[in-house]
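1. Let's see this in three dimensions:
(one chain, ligands or ions: 1)
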Amino acid sequence: MNDSKGAAQQASGQKTATLTDHETGESYELPILDGNMGPRVYDVRKLYAQTGAFTYDPGFTSTASCKSDITFIDGEKGQLLHRGYTIQDLAENSDFMEVCYLLLHGELPNRSEKTEFESAITYHTMLHEQMLYFFRGFRRDAHPMAVMVGAVGALSAFYHDSTDITDPHQRMIASHRLIAKMPTIAAMAYKFSVGQPFIYPRNDLSYAENFLYMTFAVPAEEYVVSPTLARAMDRIFILHADHEQNASTSTVRIAGSSGANPFACIAAGIASLWGPAHGGANQAVLEMLQQIGSKDRIPEFLERAKDKDDPFRLMGFGHRVYKNHDPRAQVLRESAHEVLDELGKRDDPLLDLAMELERIALSDSYFVEKKLFPNVDFYSGIILKAMGFPSSMFTVLFALARTVGWVAQWKEMIEDPGQKISRPRQLYTGYGPRDFVPQDQRD
Ligand code: SDX
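-> Just a heads-up that it's a prediction; the model follows:
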């Protein structure tokens, strides 16, 4: 492909790259589209019609699936922006409700906008009472992510007044309901797993305070939310809110592209996030640290991570996009120290082990050459464990926080006038046409 810096310029002013098929001798002009930041794209939407060929990109390592204004990631710089604001600024100076408004509406809210938005979320935190029966159908030892997939999917059976996705007002109500009800469902999944009664939300608490209250309060005594833990929880939610076109967000976009019920689309996102290569890594990191057990065993596990014949990978390390550092991991590393200090757990052996593992891995040529750095999942589990959450709840908290990102990306997709149903093609490597063989003639 001839794409010199001076890219060919069509008479129309459209920049193009030339694709030459040396087998057929044919050349094709591909329009070049520039975003506001990040890599430009070769527009291949008409490639099949023009050439009869597909592009091939399993895992979408070089494919832009959509246009988006919401989140920008520069993997080389370790940069993460939400509507232009750095994740560091938002984690330091904003709160999760403001970030939700920003992701949904494109701007930080003024005072009245924030008050109105917080009220809209607060007054949607309760569940329809019939929802409680879904929890009772699970075994007590069900993984809470299985409960989340089931309960959020069940929401699609409840809100017939907010599922006409062509109505902007109904899209916004569905968005508010999902953001508001996720903490309630997450807390109920935890309560069900430990055999304690469900705690209903309170309208006098902030979003993070309410979640901690619903999770850890019991009817037998008063529960006062620690402001430090609430702040740490809120910051963890901010750090997990959105992340461009990751696997679970792409799942939500593809599910939503068929016009499916928004609650069902978010349930699909939860299912995708559960995987250990994605959001399930935070639970896997803690289990890995517990398996390593002591600093003297770190070299043994690093060797296993390098061994192609060993399926073991260093959980919490590596990223499809970040090839320098994950800015969220840096903020979480600092938060880990603050929270553990506040909880009087400064000498948490897991944090000590994690920091030593990070130090050794980042001086190992394998990890340096493959640009494998701690990602968002490496430190989050240490904080969440110190806050009292079982490791089975870590990915639930990731899903809780990521719901606003999924919803914002779903809304952007629905509102995109160029939106079409997602329907990838394939490189077929199977049998050509062959005659049916009756069973009595088969080997
Ligand atoms: C999240 O996409 C997002 O934005 C996701 C996320 C979000 O906010 O939505 O950021 C959240 O999912 C973070 C990632 C959490 N997952 C883990 O921590 C699991 C461990 N990491 C790996 O599974 C892996 O790094 C991935 C899945 C995260 C990234 O996979 P890629 O980009 O497809 O990389 P790869 O599998 O092609 O690996 C490249 C090379 C391979 O070696 P070679 O084939 O080149 O010889 O690096 C190796 C891999 O074997 N490698 C690792 C490794 N990660 C990659 N080797 C050891 N340990 C690891 N963790």
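
2. So which elements touch the host helix or strand of residue 268?
-> Residue 268 belongs to helix 262-273 when assigned by DSSP states H and E. Identification of packing neighbours for helix 262-273 by 3 or more Cβ pairs under 8 Å, 6 or more residues apart in numbering; DSSP states H and E yields helix 144-155, helix 168-194, helix 247-257, helix 394-414. Heads up, the C-betas are built off the backbone N, CA and C, glycines and all.

3. And the pLDDT for the closest residue to residue 246 other than its chain neighbours?
-> Setting aside the residues directly before and after it, residue 246 is nearest to residue 278 in space (Cβ to Cβ, 6 or more residues apart in numbering), at 7.0 Å. Note for residue 278: predicted pLDDT of 95.

4. again, but for residue 344
-> Looking at residue 344, the pLDDT reads 88.

5. Let me see the contact set for it.
-> Not one residue lies near residue 344 by Cβ atoms under 8 Å, 6 or more residues apart in numbering.

6. do you know how far it is from residue 19?
-> In this structure, residue 344 and residue 19 are separated by 63 Å, where distance is defined by Cβ to Cβ, to the nearest Å.

7. helix, strand or coil for the closest residue to the ligand within the stretch 51-200 of the chain?
-> Closest residue of the stretch 51-200 of the chain to the ligand, Cβ to the nearest ligand atom: residue 59 (6.2 Å). Under the three-state scheme (DSSP: H, G, I helix; E, B strand; the rest coil), residue 59 adopts helix.

8. got a list of what the closest residue to the ligand within the chain touches?
-> Here the residue of the chain nearest the ligand is residue 318; by Cβ to the nearest ligand atom that distance is 2.3 Å. Residues in contact with residue 318, defined by Cβ under 8 Å, 6+ apart, are 370, 372, 373, 375.

9. now with 6 Å?
-> residue 372 (Cβ atoms under 6 Å, 6 or more residues apart in numbering).

10. Sketch out the low-pLDDT regions of the stretch 1-150 of the chain for me.
-> 1-12 (pLDDT under 70).

11. redo that, cut-off 90
-> For the stretch 1-150 of the chain, applying pLDDT under 90 flags the ranges 1-13.

12. and if you look at the stretch 251-400 of the chain?
-> Within the stretch 251-400 of the chain, the segments meeting pLDDT under 90 span 324, 333-348, 350-351, 362, 382.

13. residues from it in reach of the ligand?
-> Residues of the stretch 251-400 of the chain lying close to the ligand (Cβ under 6 Å from any ligand atom) are 277-279, 281, 305, 313-321, 370, 372, 375-377.

14. List buried residues within the residues you listed.
-> Buried subset of those (neighbour count, 16 or more other Cβ atoms under 10 Å): 278-279, 281, 305, 313-319, 321, 372, 375-377.

15. and these, which of them are in helices?
-> Members of those lying in helices (criterion: DSSP state H): 281, 305, 376, 377.

16. Farthest pair within those?
-> Greatest spacing in these, by Cβ to Cβ: 305 and 376 (18.7 Å).

17. Pull the distance from stretch 270-281 to the chain's centre.
-> The chain centroid and the centroid of stretch 270-281 are separated by 8 Å, computed with Cα atoms, centre = their mean, to the nearest Å.

18. And it, end to end?
-> Start and end residues of stretch 270-281 are separated by 14 Å (Cα to Cα, to the nearest Å).

19. Repeat that for stretch 155-164.
-> In stretch 155-164, first residue to last residue: 15 Å (Cα to Cα).

20. Please point out which parts of it sit buried.
-> 155, 156, 158, 159, 162, 163.

21. Give me the residues contacting that stretch.
-> Residues contacting stretch 155-164 (Cβ under 6 Å, 6+ apart): 128, 170, 173, 174, 261, 263, 264.
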